[in-house]
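Asker: my questions concern the predicted model and sequence given below.
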There are 2 protein chains.
Amino acid sequence: MTVTLADVAARAQVSPATVSRVLNGNYPVAAATRERVLKAVDELDYVLNGPASALAAATSDLVGILVNDIADPFFGIMAGAVQSEIGGPGGRAGGERLAVVCNTGGAPERELTYLTLLQRQRAAAVVLTGGAIEDAAHQAAMAAKLRRLAEAGTRVVLCGRPPAPETGAVALTFDNRGGGRELTEHLIGLGHRRLGYIAGPQERTTTRHRLEGHRAALAAHGVGEDPRWTVHGRYDRQSGYEATLELLRRDPSLTAVVAANDSVALGACAALRDSGRRIPDDVSVAGFDDLPFSIDVVPALTTVRLPLAEAGARAGRIAMGREEAPAGGIATVRGELMVRGSCGRPRGV
Amino acid sequence: MTVTLADVAARAQVSPATVSRVLNGNYPVAAATRERVLKAVDELDYVLNGPASALAAATSDLVGILVNDIADPFFGIMAGAVQSEIGGPGGRAGGERLAVVCNTGGAPERELTYLTLLQRQRAAAVVLTGGAIEDAAHQAAMAAKLRRLAEAGTRVVLCGRPPAPETGAVALTFDNRGGGRELTEHLIGLGHRRLGYIAGPQERTTTRHRLEGHRAALAAHGVGEDPRWTVHGRYDRQSGYEATLELLRRDPSLTAVVAANDSVALGACAALRDSGRRIPDDVSVAGFDDLPFSIDVVPALTTVRLPLAEAGARAGRIAMGREEAPAGGIATVRGELMVRGSCGRPRGV
DNA sequence: AGCCGTACAGCAAGCGCTTTCTATGTATAA
DNA sequence: TTATACATAGAAAGCGCTTGCTGTACGGCT
């Protein structure tokens, strides 16, 4: 029914072993034989059986990419960059690998389940993107899983994630703290003294680091802080909208709102506008990430650009062993402050 | 070294067959035995070998999702929805399936290569999203490939794609023509008579259908058309920016610009603004898709909402055989006109 | 001429799992 | 009590491929 290696071998009048070697190309096969085999492959429309070959060779050409939300360009951009480097169709590398993009939705248990699934498939490499979840039990479980994957020969790369010590995983970490600090310093420099902060979900490293950067800036410049000025929410637009209304309710005199990311900032802008405030005349807004749309909203968003595509590409190359891992297995990727129209001087300054 | 089924069997004092049956759960196994096996699995930290099991069972739990651009939310939203329905971790369905999101970049050859890769993995199902490429040779090759996949038992679903006759593929097609027509009729109703159109890449069905809808509206209402008023480009923001400048150069008197999608519309807005025009006072702008950000730009984008998440979810269910395919294997998914601030009456009307 | 190195090609043993068929013990019916 | 069905577990035959090892033929060497 389905064509197998043996069928090709029969047709080409060679042994299955030879066909296999022609297809894998790492063994001397006479040119004439090779041609004959290739011709048979073509005529029979033969397609290798992936599972069988993975079983026999004890390796697979699957590469897993874990993302929190595939509908969010933040992850899409990284995933796309990883994929372009792992040598899938169209990638620069040679072999044909299949990128498996796994959508965890930010749920700890899904993260683990996907890792198990990838382990089951004997994935060649796994790239984890996005912030980690700060739960001791979960982190321990993740560390154990990553260690086991590494032991089984799967290369593990963390992209935009804090390092996972003693797991053998390479980490390209975003400098969220530094970026957050720089951003808030910019606002302080403009004269803002009453800054609201819309943070992401509580238990995320990304959330915490960005917030810490924000606070470090405030502290460094002697700017006061009020617990009412910080609200936590999700990393999406709607959450930004709601959080901003909440912030405004708590303290209508805020002159700036710093958002956990650009999507949240978008929601903040909408809420501000709906409540009759102008940006940046009445309230300044800042985002984080510099996603493609951020330059197009009006006014354009002041934000911190993270080199998502570059980091993803690098993660992909490291995962494929085509680039050396950074010293110590850890590299910090810095963001860049993008000053645009959404932040201005507060009234009367 | 690595733990195998046999190890578990030995530890649980049963045969490998029994372990397999416990793990797959479709054969009567005494409760006591099952417990013993499960305990051994746990103690040994056993992870099934995916390739081996796929080989033996001649099926796999991989589901492929082909997208043009994973960094584009248009695809991300659909892919996420498909994934949530195929029963991967966190999905509603039971079994644990791995969704493989493949980024074709819109390149014909990559589309085919990925399909081959998926065929090689003996994927359980494949969902193809996005417009098809209108090249006879490529379409024939695709049709052949899809037919072969279907023959091998892989369920094939097209989501937001025109039907592929005689391939056994189920198609959920977006009514791009109807949406395009409705959108332009709205503009005509507002009084516009000089409408620029920024189309997508030439060889895409999506591009052609949307443009046809636009033209049908013009024709139906006796509104003239000038070849200079149509420009082709890519489906991204930058392309929209450039195309708009080109449109303006060709005819500065245009009162409206209809874009192939929302990202393009965003670029158009930026170009219009940079050239000193106000939206919608001087020029109206319309998009297509209604991506999440479209409501947040200022003014909010008038566009056609496509139920991406719903369509993706349905495609996922059909791919899993959890929902019946539509009659004839084809269903048309309609868009909905979203009237917002970016379109107004032209000056003097 | 005889020997050996080299270049290919084939044999056959798995890889780790699923599944059919068979065996065994137990419960039910006659 | 014996015959029969049922529930459960095991034996074993692959699934389709890779790869270490074993030929075999040929050319160059001494």
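Answerer: Sure, I can see it. This is a predicted model, so every value here is computed, not measured. Residues are numbered from 1 along each chain as shown, chains lettered A, B, ... in the order given.

Asker: ranges for the helices of chain A?
Answerer: A:5-12, A:16-24, A:31-44, A:50-57, A:73-85, A:108-120, A:136-151, A:176-190, A:205-220, A:237-250, A:262-274, A:308-319 (DSSP state H).

Asker: generate JSON lines for the ones you listed, with mean neighbour count and distance to DNA strand C as supplementary columns.
Answerer: C-beta coordinates here come from the backbone N, C-alpha and C atoms, glycine included. JSON lines is the format used below for the helices of chain A (neighbours: other C-beta atoms under 10 Å in any protein chain shown; distance: least, C-beta to the nearest atom of the strand, whole Å):
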{"stretch": "helix A:5-12", "mean neighbour count": "18", "distance to DNA strand C": "7"}
{"stretch": "helix A:16-24", "mean neighbour count": "18", "distance to DNA strand C": "3"}
{"stretch": "helix A:31-44", "mean neighbour count": "15", "distance to DNA strand C": "3"}
{"stretch": "helix A:50-57", "mean neighbour count": "20", "distance to DNA strand C": "4"}
{"stretch": "helix A:73-85", "mean neighbour count": "27", "distance to DNA strand C": "28"}
{"stretch": "helix A:108-120", "mean neighbour count": "21", "distance to DNA strand C": "9"}
{"stretch": "helix A:136-151", "mean neighbour count": "16", "distance to DNA strand C": "14"}
{"stretch": "helix A:176-190", "mean neighbour count": "21", "distance to DNA strand C": "40"}
{"stretch": "helix A:205-220", "mean neighbour count": "20", "distance to DNA strand C": "34"}
{"stretch": "helix A:237-250", "mean neighbour count": "20", "distance to DNA strand C": "42"}
{"stretch": "helix A:262-274", "mean neighbour count": "25", "distance to DNA strand C": "42"}
{"stretch": "helix A:308-319", "mean neighbour count": "24", "distance to DNA strand C": "23"}
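
Asker: distance to chain B for the ones you listed - can I get that in a markdown table?
Answerer: Converted to a markdown table, those look like this (distance: least, C-beta to the nearest C-beta, whole Å):
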| stretch | distance to chain B |
| --- | --- |
| helix A:5-12 | 13 |
| helix A:16-24 | 11 |
| helix A:31-44 | 12 |
| helix A:50-57 | 4 |
| helix A:73-85 | 4 |
| helix A:108-120 | 4 |
| helix A:136-151 | 7 |
| helix A:176-190 | 20 |
| helix A:205-220 | 19 |
| helix A:237-250 | 6 |
| helix A:262-274 | 4 |
| helix A:308-319 | 8 |
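
Asker: which one, of the ones you listed, ends up nearest to B:Thr184?
Answerer: helix A:262-274 (27.6 Å; C-beta to C-beta).

Asker: chain center to that closest one, what's the gap?
Answerer: 23 Å (C-alpha atoms, centre = their mean, to the nearest Å).

Asker: restricting to C-alpha, output the least confident helix or strand in chain A by mean pLDDT in PDB.
Answerer: Least confident helix or strand of chain A, by mean pLDDT, DSSP states H and E, is strand A:98-103 with a mean of 90. Provided in PDB are the C-alpha atoms of strand A:98-103 (Å, rounded to 0.1, in the frame of the first residue of the first chain):
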ATOM      1  CA  LEU A  98      10.300  20.700  11.500                       C
ATOM      2  CA  ALA A  99       9.700  23.500  14.000                       C
ATOM      3  CA  VAL A 100       7.000  22.700  16.500                       C
ATOM      4  CA  VAL A 101       5.500  25.800  18.000                       C
ATOM      5  CA  CYS A 102       3.800  25.100  21.200                       C
ATOM      6  CA  ASN A 103       1.300  27.500  22.700                       C
END
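
Asker: quick one: buried residues of that strand?
Answerer: Going by neighbour count (16 or more other C-beta atoms under 10 Å in any protein chain shown), the buried part of strand A:98-103 is A:Leu98, A:Ala99, A:Val100, A:Val101, A:Cys102, A:Asn103.

Asker: ok, A:Ala300 to A:Met338 distance?
Answerer: 9 Å (C-beta to C-beta, to the nearest Å).

Asker: please identify which of those two sits among more neighbours.
Answerer: A:Met338 (18 against 15; other C-beta atoms under 10 Å in any protein chain shown).

Asker: could you verify my assumption that that one touches A:Leu291?
Answerer: No: using C-beta atoms under 8 Å, A:Met338 makes no contact with A:Leu291, being 11.2 Å away.

Asker: hang on, the earlier thing: with mean pLDDT added, can I get the helices of chain A in a markdown table?
Answerer: As requested, these are arranged in a markdown table below (pLDDT from 0 to 100):
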| stretch | mean pLDDT |
| --- | --- |
| helix A:5-12 | 94 |
| helix A:16-24 | 93 |
| helix A:31-44 | 93 |
| helix A:50-57 | 94 |
| helix A:73-85 | 95 |
| helix A:108-120 | 93 |
| helix A:136-151 | 94 |
| helix A:176-190 | 98 |
| helix A:205-220 | 98 |
| helix A:237-250 | 96 |
| helix A:262-274 | 95 |
| helix A:308-319 | 97 |
